[in-house]
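Engineer: Quick one: sequence plus predicted model below, questions after.
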Amino acid sequence: MLTEKTMDVAIIGAGPGGSAVAMGLKNSGLQVVLIDESNFPREKICGDAIPSWVLTDLEPYCAAIHETFLETMKPGIFSSTSMLLSNGQKLNFKWGKPGYMIPRLQFDNFLLDQVLASGKIRFFGGEKISKVHKLDSGYELFNSEGKLLLRCRVLIGADGASSLVAKSVSARGSKSRSAGHAVRAYYKNVNLESSDTSMVFFDKAFSPGYFWIFPLPDNRANVGFGMPNTSRLKRNIKLTKASEEFIKSNDSVTRILKSAESEGPFKGGILPFAGKWKPLAGLDYILVGDAANLLDPFSGDGIRNAVRSGLFAAETILNAFQTGKLNPDLLKAYESLIKKHLWPQLKQRAKLVKWVGRLPWLVPFVIRIGNVGIVSRWLKTWL
Ligand SMILES: Cc1cc2nc3c(=O)[nH]c(=O)nc-3n(C[C@H](O)[C@H](O)[C@H](O)COP(=O)(O)OP(=O)(O)OC[C@H]3O[C@@H](n4cnc5c(N)ncnc54)[C@H](O)[C@@H]3O)c2cc1C
């Protein structure tokens with residue numbers, strides 16, 4: 001317990017967003033505490049596809065993190081993605097930079113280890129924050145037993161899609177936060193054509209959602225399906241049932257998983273897509289990652305934006321504390337960084353999802369003509 005003193009910064013959530021904030025602050029001289037309800041390593045329901053940019057973004061704050069990651073974690077590496085239609089038509093897409101495949105159980109633990117190796121960040125694992133109480137200046141945080149855990153001057157909500165911090169400190173309702181859902185399961189003995197190609201399957205019946213098979217090392221795969229809530233609820237689609245049916249009915253998927261064994265049931269999670277702009281920072285709080293609804297509405301990816309927003313939050317906090325006294329404009333500067341660097345693309349991609357939902361022929365059409373030079377160049381900027 002740290003009730004006797006007020007920490008400068010308390011970060012709730014040690015996923016990629018929270019770890020990025022901590023990494024950005026580890027040499028600041030500020031008193032920083034990172035809190036997670038889970039003890040690490042902990043499972044996180046995800047497709048486990050990590051853009052290599054995530055490690056590149058962290059390099060300036062953690063020397064050689066990219067090399068260390070590759071050497072110690074030995075992730076799967078994918079350099080292309082195949083987009084497939086139910087009739088077998090496909091478009092192969094080569095990425096400029098490879099992506100990594102590694103279960104979040106290991107990836108998030110790796111990031112946290114890098115943070116804690118500095119010896120400058122205090123970490124409380126297995127400590128769920130159940131209440132956030134606003135003080136005239138800063139916050140009091142209470143644990144699941146209702147006991148005061150600590151006080152802080154600045155609070156960071158990095159507590160994911162069901163963020164308690166977002167609900168407590170800002171005017172965001174919980175309803176508007178869950179814009180999509182997805183499920184995933186692990187399979188072993190998977191018969192993939194290529195271990196460095198992630199596969200995405202489209203079917204008119206599930207548009208604008210998609211089904212995926214992402215290869216993991218040792219012939220394992222992360223298999224999943226996700227969809228925006230509006231389309232899913234309108235058509236009363238149950239994600240797990242739809243996934244099981246898809247595995248049976250889609251010839252390509254059936255072939256790949258024919259001799260595969262499921263390692264456990266499909267498990268689900270929320271996709272808090274970026275939608276309408278809502279406040280992300282105030283006098284003494286900042287929301288990052290899924291807690292700030294920064295998930296890409298087109299791909300469902302959220303790890304890179306969690307890390308980028310976490311680093312923007314750290315940069316903002318450093319500037320704010322340098323001026324001595326916090327004032328309302330200082331942390332609001334974080335919103336300007338998000339609006340400048342992340343928001344324009346997120347907005348465009350939200351529009352694209354709407355079009356894909358309205359025009360079921362669009363994805364099949366793009367897959368058919370995707371190899372034509374101009375379309376392929378356009379896709380490179382979008383995917
Ligand atoms: C099925 C599925 C597949 C996905 N696939 C991909 C993918 O392949 N690639 C990709 O980039 N993105 C993917 N995403 C999105 C990605 O998982 C998130 O965007 C990413 O995890 C966001 O990181 P974060 O740090 O903001 O939150 P999280 O990773 O959710 O971390 C939040 C942390 O906060 C802790 N916490 C929560 N509440 C409390 C509390 N009250 N007290 C203390 N601690 C708390 C949690 O234990 C957790 O560790 C997927 C999501 C889903 C649901």
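Structural biologist: Perfect, thanks for sending it.

Engineer: From now on I want contacts and neighbour counts done on CA atoms only, so please keep to that.
Structural biologist: Fine.

Engineer: Report the mean confidence score over the strand ranked longest in the chain.
Structural biologist: Looking across the chain with DSSP state E, the single longest strand is strand 90-101. For strand 90-101, mean pLDDT is 90.

Engineer: Which elements pack onto it?
Structural biologist: On a contact count with 3 or more Cα pairs under 8 Å, 6 or more residues apart in numbering; DSSP states H and E, strand 90-101 meets strand 49-51, strand 76-85, strand 210-216, helix 362-369.

Engineer: which outside residues touch it?
Structural biologist: 48-52, 75-84, 214-217, 367-368, 370-371, 380 (Cα atoms under 8 Å, 6 or more residues apart in numbering).

Engineer: right, and the helix or strand after that strand?
Structural biologist: helix 104-116 (DSSP states H and E).

Engineer: And that following helix, what's buried?
Structural biologist: 104-112, 114-116 (16 or more other Cα atoms under 10 Å).

Engineer: same question, stretch 132-141
Structural biologist: For stretch 132-141, by 16+ other Cα under 10 Å, it's 132, 138-141.

Engineer: coming back round to it: for the helices and strands packed on strand 90-101, give me TSV that also has mean neighbour count and mean pLDDT.
Structural biologist: TSV is the format used below for the helices and strands packed on strand 90-101 (neighbours: other Cα atoms under 10 Å; pLDDT from 0 to 100):
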stretch	mean neighbour count	mean pLDDT
strand 49-51	22	96
strand 76-85	20	92
strand 210-216	25	96
helix 362-369	16	75
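
Engineer: got the ones you listed as JSON lines, with distance to Gly289 columns?
Structural biologist: Below are those laid out as JSON lines (distance: least, Cα to Cα, whole Å):
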{"stretch": "strand 49-51", "distance to Gly289": "15"}
{"stretch": "strand 76-85", "distance to Gly289": "24"}
{"stretch": "strand 210-216", "distance to Gly289": "22"}
{"stretch": "helix 362-369", "distance to Gly289": "28"}
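
Engineer: I'd like to know which of those is closest to Phe312.
Structural biologist: Closest to Phe312 of the helices and strands packed on strand 90-101 is strand 49-51 (Cα to Cα; 18.3 Å).

Engineer: Which two among the buried residues of helix 104-116 are spaced furthest apart?
Structural biologist: Once Cα to Cα is applied, the buried residues of helix 104-116 give Arg104 and Leu116 as the farthest pair, at 17.7 Å.

Engineer: pretty sure Phe201 contacts Thr81?
Structural biologist: No: between Phe201 and Thr81 there is no contact, the gap being 10.6 Å when judged by Cα atoms under 8 Å.

Engineer: Flag every buried residue along stretch 87-107.
Structural biologist: 90-93, 98-107.

Engineer: What helix or strand is Met350 located in?
Structural biologist: Heads up, residue 350 is Ala, not Met. With DSSP H and E as criterion, Ala350 is part of helix 343-358.

Engineer: elements contacting that helix?
Structural biologist: Using 3+ Cα pairs under 8 Å, 6+ apart: helix 343-358 touches helix 362-369.

Engineer: what angle sits between the helix it packs on and strand 90-101?
Structural biologist: 100 degrees (axes from the mean of the first three to the mean of the last three Cα atoms, to 10 degrees).

Engineer: Give me the helices and strands touching helix 362-369, please.
Structural biologist: strand 76-85, strand 90-101, helix 343-358.

Engineer: go with 6 Å
Structural biologist: Judged by 3 or more Cα pairs under 6 Å, 6 or more residues apart in numbering; DSSP states H and E, helix 362-369 is in contact with no other helix or strand.

Engineer: Give the burial count for Arg308, as a bare number.
Structural biologist: Neighbour count for Arg308, taken as other Cα atoms under 10 Å: 24.

Engineer: What's the separation between it and Gly17?
Structural biologist: 8 Å (Cα to Cα, to the nearest Å).

Engineer: okay but Leu155 is in contact with Tyr285, surely?
Structural biologist: Yes: Leu155 lies in contact with Tyr285 (Cα atoms under 6 Å); the separation is 4.7 Å.

Engineer: Report the contact partners of the closest residue to the ligand within the stretch 251-383 of the chain.
Structural biologist: Nearest residue of the stretch 251-383 of the chain to the ligand: Gly302, at 3.0 Å (Cα to the nearest ligand atom). Residues counted as contacts of Gly302 (Cα atoms under 6 Å, 6 or more residues apart in numbering) are Leu295.

Engineer: Close to the ligand: what parts of the stretch 101-250 of the chain are there?
Structural biologist: 127-130, 158-160, 163-164, 182-184 (Cα under 6 Å from any ligand atom).

Engineer: what's the distance between Trp95 and Arg104?
Structural biologist: Trp95 is 22 Å from Arg104, by Cα to Cα.

Engineer: cool, Gly146 as well?
Structural biologist: Gly146 is 30 Å from Arg104, by Cα to Cα.

Engineer: And this protein, split by domain according to the record?
Structural biologist: 6-77+97-178+272-349, 180-271+360-372 (automatic domain parsing).

Engineer: tell me how far the ends of the first one are from each other?
Structural biologist: Looking at domain 6-77+97-178+272-349, the gap from its leading to its trailing residue is 41 Å under the measure Cα to Cα.
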